[in-house]
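Novice: Using only what follows, build the 3D model:
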Amino acid sequence: MAEVFSARSLIYWWGVLSATVFIKDWLKQLADFLRTSGMFSPANIPFNALPGLNSWIDGAAGFIKDSIKFDPNQAILTAGSFVIKGWMLALFFGILLLIIAVVLYARALNSPAWFDDFLAIFVIYIVLRIISHIVALTSLPILDSFRNFLDNPTTSFLLLLMLLIFLSFFGEGFRSKRAFWRALIEAALVSLFMFPHETATAMSYGVDALAQFGAGLSLQANLPFAIIWGLLGMFLALQRLTTQESFAAKARN
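Specialist: Below you'll find the model as predicted:
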């Protein structure tokens, strides 16, 4: 992340924004498509996969619960006055699953394969659903609100985003621009699958802002700003070139 937003990278951001002058019409069309298209609906493929996955996990959890006749207050292990009950064991496995999921994603973020990241996010989401059922198995009133907290799709979405942001800003993403962009793209994909219409609408506003910037930069009335913008690009380019030359001269010496 430090490389993405460093002073030496400003010329690239200037180039991206300047390019909007030439593709402003296409960006406007893309923004309209994201905002009005019926494609981004929870009922359409591939966004309807998530509700089906939730139903499968809920059904499997119910089947396991009915099959093993789990009693949360039953003593699993007794050693003198020390007693391990069923709900304690269930919570232990829930915490263990969560730790494994976080470790898996931390390793995946450092992996060169993109598939590892998506697999880790998929596992983390399943773990969150399983933990909500484990909490339900404990039958402890104090954890009812926690179970409702996990069952809320907005909560699952925010937890996944918080994990992505944490790993990006405090993990490998802070040192690696590749890991940062991967985490950003994954956050967008997670948002699309969990809230497709809302995410597409939010993206449309961002794309539309770029289109408006390109349109404003090409207006004759904004000529003074366009001149300043061009001079800024020349300054950033010269700064980048002179910095590279100084690095090369030090390397030769």
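
Novice: What score does Thr138 have for pLDDT?
Specialist: With respect to pLDDT, Thr138 scores 63.

Novice: Kindly report the same for Phe5.
Specialist: pLDDT recorded at Phe5 is 69.

Novice: Now Pro51. Nearest residue, chain neighbours left out?
Specialist: Leaving aside its chain neighbours, Pro51 sits nearest to Pro42 (6.6 Å; criterion: C-beta to C-beta, 6 or more residues apart in numbering). Every C-beta, even on glycine, is put in place using the N, C-alpha and C of the backbone.

Novice: how about stretch 180-193 as PDB, C-alpha atoms only?
Specialist: In PDB, the C-alpha atoms belonging to stretch 180-193 read as follows (Å, rounded to 0.1, in the frame of the first residue of the first chain):
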ATOM      1  CA  PHE A 180      -3.100  -4.600  -1.600                       C
ATOM      2  CA  TRP A 181      -4.800  -4.700  -5.000                       C
ATOM      3  CA  ARG A 182      -5.700  -8.300  -4.600                       C
ATOM      4  CA  ALA A 183      -7.400  -7.600  -1.300                       C
ATOM      5  CA  LEU A 184      -9.200  -4.600  -2.800                       C
ATOM      6  CA  ILE A 185     -10.500  -6.700  -5.700                       C
ATOM      7  CA  GLU A 186     -11.600  -9.500  -3.400                       C
ATOM      8  CA  ALA A 187     -13.500  -7.000  -1.200                       C
ATOM      9  CA  ALA A 188     -15.300  -5.800  -4.300                       C
ATOM     10  CA  LEU A 189     -16.200  -9.400  -5.300                       C
ATOM     11  CA  VAL A 190     -17.400 -10.200  -1.800                       C
ATOM     12  CA  SER A 191     -19.600  -7.100  -1.800                       C
ATOM     13  CA  LEU A 192     -21.000  -8.100  -5.200                       C
ATOM     14  CA  PHE A 193     -21.900 -11.600  -4.100                       C
END
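
Novice: now the residue lying closest to Ala61 once chain neighbours are set aside: how far from Gly62?
Specialist: Spatial nearest neighbour of Ala61, chain neighbours left out: His133 (4.0 Å); criterion: C-beta to C-beta, 6+ apart. Between His133 and Gly62 the computed distance is 8 Å (C-beta to C-beta, to the nearest Å).

Novice: go on, Ile23?
Specialist: In terms of C-beta to C-beta, Ile23 sits 51 Å off from Gly62.

Novice: Is Pro46 in a helix, a strand, or coil?
Specialist: Judged by DSSP: H, G, I helix; E, B strand; the rest coil, the three-state class of Pro46 is coil.
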